[in-house]
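Enquirer: 3D model of this:
(4 chains)
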Number of protein chains: 4
Amino acid sequence: MGTLLRGGTVVTASDTVHADVLVEDEVVTTIARHIPPSDHTVVDVSGCYLFPGGIDPHTHLDMPFGGTVTIDDFESGTRAAAFGGTTSMIDFALHTKGDTLKNAIDTWHDKASGKAAIDYGFHVMVGDMNASVMAEIPDVVEKEGVTSFKVFMAYKNNLQADDETLFRTLRLAAEVGALVQVHAENGDVIDVLVKEALEKGLTAPKYHALTRPPEAEGEATARAIRLAEIAGAPLYVVHVTCAEAANAISDARKRGLPIYGETCPQYLVCDVTDYERPGFEGAKYVMSPPLRDKWNQDVLWNKLKNMELQAFGSDHCSFHLKGQKELGIHDFSKIPNGSPTIEHRMNILYHYGVHEGRIGLNKFVALTSTNIAKLFGLFPKKGTIAVGSDADIVVWDPSVKHTISAATHHMRADNNIFEDMTVYGKPKYVFLRGHKIVDHDSYIGAVGQGQFLRCGRFYPVQF
Amino acid sequence: MGTLLRGGTVVTASDTVHADVLVEDEVVTTIARHIPPSDHTVVDVSGCYLFPGGIDPHTHLDMPFGGTVTIDDFESGTRAAAFGGTTSMIDFALHTKGDTLKNAIDTWHDKASGKAAIDYGFHVMVGDMNASVMAEIPDVVEKEGVTSFKVFMAYKNNLQADDETLFRTLRLAAEVGALVQVHAENGDVIDVLVKEALEKGLTAPKYHALTRPPEAEGEATARAIRLAEIAGAPLYVVHVTCAEAANAISDARKRGLPIYGETCPQYLVCDVTDYERPGFEGAKYVMSPPLRDKWNQDVLWNKLKNMELQAFGSDHCSFHLKGQKELGIHDFSKIPNGSPTIEHRMNILYHYGVHEGRIGLNKFVALTSTNIAKLFGLFPKKGTIAVGSDADIVVWDPSVKHTISAATHHMRADNNIFEDMTVYGKPKYVFLRGHKIVDHDSYIGAVGQGQFLRCGRFYPVQF
Amino acid sequence: MGTLLRGGTVVTASDTVHADVLVEDEVVTTIARHIPPSDHTVVDVSGCYLFPGGIDPHTHLDMPFGGTVTIDDFESGTRAAAFGGTTSMIDFALHTKGDTLKNAIDTWHDKASGKAAIDYGFHVMVGDMNASVMAEIPDVVEKEGVTSFKVFMAYKNNLQADDETLFRTLRLAAEVGALVQVHAENGDVIDVLVKEALEKGLTAPKYHALTRPPEAEGEATARAIRLAEIAGAPLYVVHVTCAEAANAISDARKRGLPIYGETCPQYLVCDVTDYERPGFEGAKYVMSPPLRDKWNQDVLWNKLKNMELQAFGSDHCSFHLKGQKELGIHDFSKIPNGSPTIEHRMNILYHYGVHEGRIGLNKFVALTSTNIAKLFGLFPKKGTIAVGSDADIVVWDPSVKHTISAATHHMRADNNIFEDMTVYGKPKYVFLRGHKIVDHDSYIGAVGQGQFLRCGRFYPVQF
Amino acid sequence: MGTLLRGGTVVTASDTVHADVLVEDEVVTTIARHIPPSDHTVVDVSGCYLFPGGIDPHTHLDMPFGGTVTIDDFESGTRAAAFGGTTSMIDFALHTKGDTLKNAIDTWHDKASGKAAIDYGFHVMVGDMNASVMAEIPDVVEKEGVTSFKVFMAYKNNLQADDETLFRTLRLAAEVGALVQVHAENGDVIDVLVKEALEKGLTAPKYHALTRPPEAEGEATARAIRLAEIAGAPLYVVHVTCAEAANAISDARKRGLPIYGETCPQYLVCDVTDYERPGFEGAKYVMSPPLRDKWNQDVLWNKLKNMELQAFGSDHCSFHLKGQKELGIHDFSKIPNGSPTIEHRMNILYHYGVHEGRIGLNKFVALTSTNIAKLFGLFPKKGTIAVGSDADIVVWDPSVKHTISAATHHMRADNNIFEDMTVYGKPKYVFLRGHKIVDHDSYIGAVGQGQFLRCGRFYPVQF
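Expert: As a prediction, this is how the structure comes out:
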């Protein structure tokens, strides 16, 4: 009556075990050397790794941005995620000035509900952290199951919070067990640089990168850390791209502080020269923070290897090149920021990390799933293959070789920044709470099968 | 027919799971929500943590040193280890000038065989790494199951190897998959300082510390790392005690190098002021490297927390104060170096680490067991509670409070450097390959039950 | 007809020379082994050092602050400076919201004119760096001889500038050859901490220090540096007090950036425990940034020794304890910030630095005079004893031992934070442009003798 | 009767002054605005800088090396030095096994005496620092005027000292006021790498660099520093070439230690790719330590700018390519190490440093002259233009542009590693103790005019 995965290699953040796995009532109930078939549905997973379903801590589905809306909604986005081996995600509910957090969350429930192919939780991306919004936080943590709040240090005159706001938020978060996330770039500096560039008629995509220098990210990262240090609060830095920022995090951790960082596949395999691609193609790579000089990739790999960065997110934020990215054809600052990455997040880390020998299998699982579950209070329901945990299992075939392309991907965007990369490894099957939702190249789940995940409070000593 | 551990909380280096564990034929065969009792021997472990049996990577049993012999042999030492929750250890076989490695290993087999209460492997502590000894290494790795070799940078005119020897050893190790360990103190400097002190009539135990300054450890650690870097070899630094050495390791890891470090309980909870104890009591704390200024303890805790030090060993090397330590009553340089620590290694880390909130449970397991198994090629046979792994399981009762004392410990030494420390947590039962060997305060195993462990080759990307 | 200083030891930032010095028409015209007396006024300076007159880069005379006015005006302040061996200073002209820079400078000219005992230049302390103020800068640099502008990162809702303002100022400064100075403390954080403390009824002087943690200074310093780095501008950080800030400066210099720092005597010899003095005495030490933990003093001394901090200023800002500091008797945040230090700046550095062997004589001269002249475009008119330079010469008797006290000092304040310190060295005579203005314990100059100094543009490669 | 240099710009390590300089009896007696011509020999130096004569702290003249002898003896070498603006040097007297220090010094006196065109002192390069040699040191310091001793950490089985020897030497030096110099490369590692390369038939010049990696220099530098730290001794690291070594020095200085470093022109303008020059031309660049990857040049420039390296030496050690370098045509390890650099040391630093804007004039003087005089006890007799100092004055014409070439240089070697570099600035006249010895392109001094310089003891706080 259960589902029996036979003959695979179960990989967790610490172990690699040849074992059978029995799933009953959506959870793993038994891991054993040999489980008799009985009346279970038996799935042969020999030759494959069983990974805990990926958890993407950083996605933007169905989100308004710069006069348009990201092209993937919860239906297309989560289905693409599933194809890539991701079975949970934490999407950013967008709070806007004048709104309540509760309302932002409700709006996001409406967007997700009945559409999601995978389980999902929410962070709130706070658009205006004023006193009344802050006052809502304890309730949101307690009742809504939303425990992480992103504050922006960039996007001047728009989302950008001042240091008082960030500091007060950190203080409050420390009290109520929430985790503050920061988009760490100095928005004031960037605002001046962007205006200067445009005044000089420098409008091509590459000026997006030149007006957002790594020093501006390093500065803001270091500042957020100092504020957290004074506040006695933990901190999670999203999308770390460069040595300046990554080293600031390491330095803080060396002092014993609970500071965490996330990086994304694009920063490991793309670089600033991609903005120089012919025509308007560079626009595909316009995201914030931007791609950096190639040598930063090695720095980031070492940080992942030593777990000085703990989380690996996609920052999926997809737009068509046609019609959407083109909004900025005459002005780089109008190019919608972001790229379609939800589907290949795990594949990029697996291939360039595990397959090419930079990191081990267990670290791959930690970075794509376990650590994220622990950071956002989803563990051990999510983030591992263990007795009692949700049976979110990716059956990963390491022998498959395939080439990434917009022509074949399952995201809606008409472009893929990993286009033409040939990689090893791919999900053969994907199980969401024991239900097979992907079988080779077919999605066989049901629309709306994904459930809302209540995130728990933050505990620093978990890992 | 198996042994069923019911109702406990299984802790691995990444997971904490409420589950039943079934042991058959010495290995774990099933982990499940509820395992029916059938005809199994059922052990109620509710309220307890199940930890993988501790692995002590650094012990010296039955070892000649400075004209005497360590007071614990394989019988008393391994039994004491078992009481503390340690079910495997890697003892240092002492190779002496003129001898072969093979012979050193055989001698150690003789010492251990028929006596050990827990499983054991060997490192070789190479007394004279000459060309013919080096030529033996490939065979020793291949045939003897001994894959780690300690080279001494201290003990001038005795064990100390020069840089050429260390470098050649690192090169060779990189080729054959062995792991070089270093005792990292600058023996030349120490030799001069010791002679100077004695010439001035400074003979008390505290001069042991004053003639082995942390800079001498920091220097040697940094040197060994550079040599490993040039050689393209991994390196394991034993007993790291101070910021100078620990930071050298972190700096190397930041550059992406496979450099690993071990610290020991004594460096976390004792400090240099212990040498000032009245009478000759300071002699109990004479070990090399010596205890350091107290502020180093915070540095070490942060390194453990961030896993910039990966292994936690006892460096058990026990002597009576009476008759043995007293050899140096008029000359600190004649005090046999070392302390009895094999029994309380896990207890110290559990209490001051987990109980007091410095590290989490999973990290405790990683540091005391999993990482060590991975570093020395014993994983996954040892180092985890997983299907197929040896059923080395410590049933740890976190609610028991007890006071450490030489009066009650199971080691032979007439002293205990943790005397009077009151700590939480203690093994209720200890299982070695499924056999219960400790039941509360009784040893119920059989003498000689411990088996020899063949260590495997070193693979850097495991964690 | 000139003045001939015979038999002394001339000390510059690099040389220590036994020579006679001839002064004619206010400048040094000859330095020679033996200068014949001719018809010159001969002054016997044997046994003494001849130092270039001290230049104090950081003073606040006759300045409104927190509802009161600093107790020393240009008359008393500059006379006290002269007694201490300081013959030039750069006072901060206070610009307030709505005012022009020109007007602020004119106001300061009015305050100084006819009163100053020593030569003086101005920085502007910009109260509101808006677009029209920024537009004034090129003219001020060109025509007013004021080339340095202080921007505040602290004092929220008052003097504090946001990052855009600081960044734009840095950009502009780089273009016109001005030097931006920053008061580097994170005002947002401090504002929250102060409010929290007061809400909890924590009103004693020591809470001044506790609400302005070193991390807030380290953060702001690092931020200002990053902004300068992106702007391609030099930067001068005033009153550096702690490792966090000083190391941020060193790190930047290591990257080759033209970043400079100043520290002050109070941070070398007073510390945070001074706030715990009985009664309200701690209020004497209330200044911003506050005094720090004592271990920071060693860090600062090393930075001076290596010239990683280049300037030594007094930050003289004097208030009576009675009536002025007492404004904050029930609320530390109302205690006027600052202490009377203009008179003993050189004495503290001489005694604790040179006399006690921490730094050499040449470095003493560099830090108290030469570097400052170079940084603010006064060199070589000021800052050295060289042919053609103004004959600002301190005849320093290193053999005099005296005790600092408010009872005997020449500043107006009823308190002295160096009270009871017994120090070696004291000016025997002080010459301002060749005119003797101090003779032992008598001021023999004329009121208003001090002249305005036009500062020149900033050139980074001078030292 | 004196010599009057009129109308020039006198540059010292801190000042830049338009003044006339009068020289009488070999020393500077007057510096003044206008010195009347009287009966002096007037030299028009308008439009020129007057620099203190350069002091080269690192030369090897007439020195046996690898079966040959350096091609420049004291006659040709010092004359070439004079052409380049160097008026003093400290040559390395070579001590060999079995010899006394006294004898080594006497031998060097014989070589120099009657030949030197410039003043000269000696370091001893200790070939075998045994107990009897060490016992000689106090006397040598006291009576011979030789106060600096080079110990080798490289050249295994030849000059290389072990750590005990280095440490004992440091201890002794600290006691008697001597300064230990180290050649910091790990000779053990290099020896193995060289043997390995030759065994593989890798014999071309570039393997010289590949077998002496920067890590081996960084390691030895860090080790020497730690030994000095424990010994409480100052330390001078010769020929620093790379980030690894230079940063080790900076780190030590940050801790307040009296550690000093020297770099050389070749490491600023040549790099590892020079070894790939066609034919055997790469051999010209064979020196130890070898040239490094180009990015290290920026690191070294920043260190000079911040005076974290304090001395600039030539390490002149010249050989013909024909007949001498060719000894290693089939084996890089037989190529005599060193290049002819004594003549262009100042020119390279002036052009690439001052002319191109990397450092200021005063720092140029500090690095090429003043600091060196202070470090080796020659100050203020040498190292500055000041009253009472030797009139060693270079009249430097900054407007002259010329191209360096072996065809025109005054050294004997048939090659020049700066060949074809076109640089600004050149001595117009060079005065040695007031005697003009170079006039444009003519040497007009007398053979043997150079005098022996007694070096004084080391005092750390001088700069």
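
Enquirer: up against chain C, what does chain A have?
Expert: When proximity is defined as C-beta under 8 Å from any C-beta of the partner chain, chain A approaches chain C at A:156, A:162-164, A:167-168, A:171, A:186, A:188-189, A:191-193, A:213, A:215-216, A:218-219, A:222-223, A:226-227, A:229-230. C-beta: built from backbone N, CA, C; applies to glycine.

Enquirer: quick check: the residue of chain A nearest chain D.
Expert: residue A:295 (10.7 Å; C-beta to the nearest C-beta).

Enquirer: find the nearest non-adjacent residue to that residue, please.
Expert: residue A:243 (8.0 Å; C-beta to C-beta, 6 or more residues apart in numbering or on different chains).

Enquirer: over to residue A:321?
Expert: residue A:415 (4.7 Å).

Enquirer: surely the one you found meets residue A:406?
Expert: Yes. Applying C-beta atoms under 8 Å, one finds residue A:415 in contact with residue A:406, separated by 5.2 Å.

Enquirer: which one's more surrounded, those two?
Expert: Legend: neighbour count by other C-beta atoms under 10 Å in any protein chain shown for residue A:415 and residue A:406, higher for residue A:415 (22 against 18).

Enquirer: domains in chain A, by residue range?
Expert: Domains of chain A are assigned by automatic domain parsing as A:3-51+A:382-443, A:54-375.

Enquirer: residue A:338: how many residues sit nearby?
Expert: Neighbours around residue A:338, by other C-beta under 10 Å: 25.

Enquirer: can you pull the contacts of it?
Expert: When contacts are counted by C-beta atoms under 8 Å, 6 or more residues apart in numbering or on different chains, residue A:338 touches A:60, A:65, A:70, A:286-287, A:315-319.

Enquirer: check residue A:190 too.
Expert: Residues counted as contacts of residue A:190 (C-beta under 8 Å, 6+ apart) are A:154, A:156, A:211-212, A:216.

Enquirer: let's see stretch A:418-432 as CSV, backbone CA atoms only.
Expert: Provided in CSV are the C-alpha atoms of stretch A:418-432 (Å, rounded to 0.1, in the frame of the first residue of the first chain):
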residue,chain,number,x,y,z
PHE,A,418,22.6,28.4,-19.1
GLU,A,419,21.8,27.8,-22.8
ASP,A,420,24.1,25.2,-24.4
MET,A,421,25.7,24.0,-21.2
THR,A,422,26.0,20.2,-21.3
VAL,A,423,25.6,18.7,-17.9
TYR,A,424,25.5,15.3,-16.2
GLY,A,425,22.7,14.2,-13.9
LYS,A,426,19.0,14.6,-14.1
PRO,A,427,15.9,13.5,-12.1
LYS,A,428,14.4,10.3,-13.3
TYR,A,429,11.5,10.5,-11.0
VAL,A,430,10.4,13.2,-8.5
PHE,A,431,8.2,12.4,-5.6
LEU,A,432,6.3,15.0,-3.6
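
Enquirer: what is the subsequent helix or strand relative to the helix or strand bottoming out on mean pLDDT in chain A?
Expert: One helix or strand of chain A scores below all others by mean pLDDT, DSSP states H and E: strand A:64-65, with a mean of 90. As assigned by DSSP states H and E, the chain's next helix or strand after strand A:64-65 is strand A:68-69.

Enquirer: which residue ranges of the stretch 151-300 of chain A form helices?
Expert: Here the stretch 151-300 of chain A has its helices, by DSSP state H, counting those that start in this stretch, at A:163-176, A:187-199, A:206-210, A:214-231, A:243-254, A:265-269, A:295-305.

Enquirer: re earlier: run a quick neighbour tally on the residue of chain A closest to chain D.
Expert: When neighbours are counted by other C-beta under 10 Å, residue A:295 registers 10.

Enquirer: how much space separates it from residue A:214?
Expert: Relative to residue A:214, residue A:295 is positioned 11 Å away (C-beta to C-beta, to the nearest Å).

Enquirer: mutual contacts of the two, please.
Expert: residue A:243.

Enquirer: now the closest residue to chain B within the stretch 101-250 of chain A, nearest residue through space, not along the chain?
Expert: Per C-beta to the nearest C-beta, residue A:250 is where the stretch 101-250 of chain A lies closest to chain B, at 6.9 Å. For residue A:250, ignoring the flanking residues on the chain, the nearest one in space by C-beta to C-beta, 6+ apart is residue A:308 at 4.7 Å.

Enquirer: go on, residue A:339?
Expert: Excluding the flanking residues, the one nearest residue A:339 by C-beta to C-beta, 6+ apart is residue A:417, at 4.8 Å.

Enquirer: tell me who's in contact with that neighbour.
Expert: A:266, A:270, A:274, A:284-285, A:339-341 are the contacts of residue A:417 under C-beta under 8 Å, 6+ apart.

Enquirer: same question for residue A:457.
Expert: Taking C-beta under 8 Å, 6+ apart, one finds A:141, A:147, A:176-178, A:377 in contact with residue A:457.

Enquirer: over to residue A:104?
Expert: By C-beta under 8 Å, 6+ apart, the contact list for residue A:104 reads A:93-96, A:124.

Enquirer: of those, buried ones?
Expert: Using 16 or more other C-beta atoms under 10 Å in any protein chain shown as the burial test, those include A:93-95, A:124 as buried.

Enquirer: ok, and the most crowded of the contacts of residue A:190?
Expert: With neighbours taken as other C-beta under 10 Å, the top of these is residue A:216, carrying 30 neighbours.

Enquirer: what about the residue nearest to it when sequence neighbours are not counted, how many residues nearby?
Expert: Spatially, and ignoring its direct neighbours in sequence, residue A:216 is nearest to residue A:186 (4.3 Å; C-beta to C-beta, 6+ apart). When neighbours are counted by other C-beta under 10 Å, residue A:186 registers 30.

Enquirer: now the one 5 residues further on
Expert: Residue crowding around residue A:191 was assessed by other C-beta under 10 Å; the count is 21.

Enquirer: please apply the same query to residue A:47.
Expert: So residue A:47, with other C-beta under 10 Å, has 13 neighbours.

Enquirer: which residues does stretch A:357-365 contact?
Expert: Outside stretch A:357-365, the residues touching it (C-beta under 8 Å, 6+ apart) are A:11-16, A:49, A:51-52, A:301, A:304-305, A:307, A:349-350, A:352-354, A:367, B:14, B:461-463.

Enquirer: now swap in stretch A:128-137 and tell me
Expert: So stretch A:128-137 is contacted by A:95-98, A:100-102, A:126, A:149, A:151, A:161, A:165-166, A:168-169, A:172-173, A:176, A:178 (C-beta under 8 Å, 6+ apart).

Enquirer: the residue of chain A closest to chain D and residue C:302: what is the separation?
Expert: For residue A:295 relative to residue C:302 (C-beta to C-beta), the value is 32 Å.

Enquirer: wait, residue A:41 sits on residue A:4?
Expert: Yes. Using C-beta under 8 Å, residue A:41 is in contact with residue A:4, at 6.7 Å.

Enquirer: more crowded one of these two?
Expert: Set residue A:41 next to residue A:4 and count neighbours by other C-beta under 10 Å: residue A:4 wins out with 21 against 13.

Enquirer: nearest residue to the more buried one in space, please, no chain neighbours.
Expert: Counting by C-beta to C-beta, 6+ apart, residue A:40 is the residue found nearest to residue A:4 once chain neighbours are left out, at 4.0 Å.

Enquirer: I figured that neighbour hits residue A:6, correct?
Expert: No. In this structure, residue A:40 is not within contact of residue A:6 by C-beta under 8 Å, at 9.3 Å.
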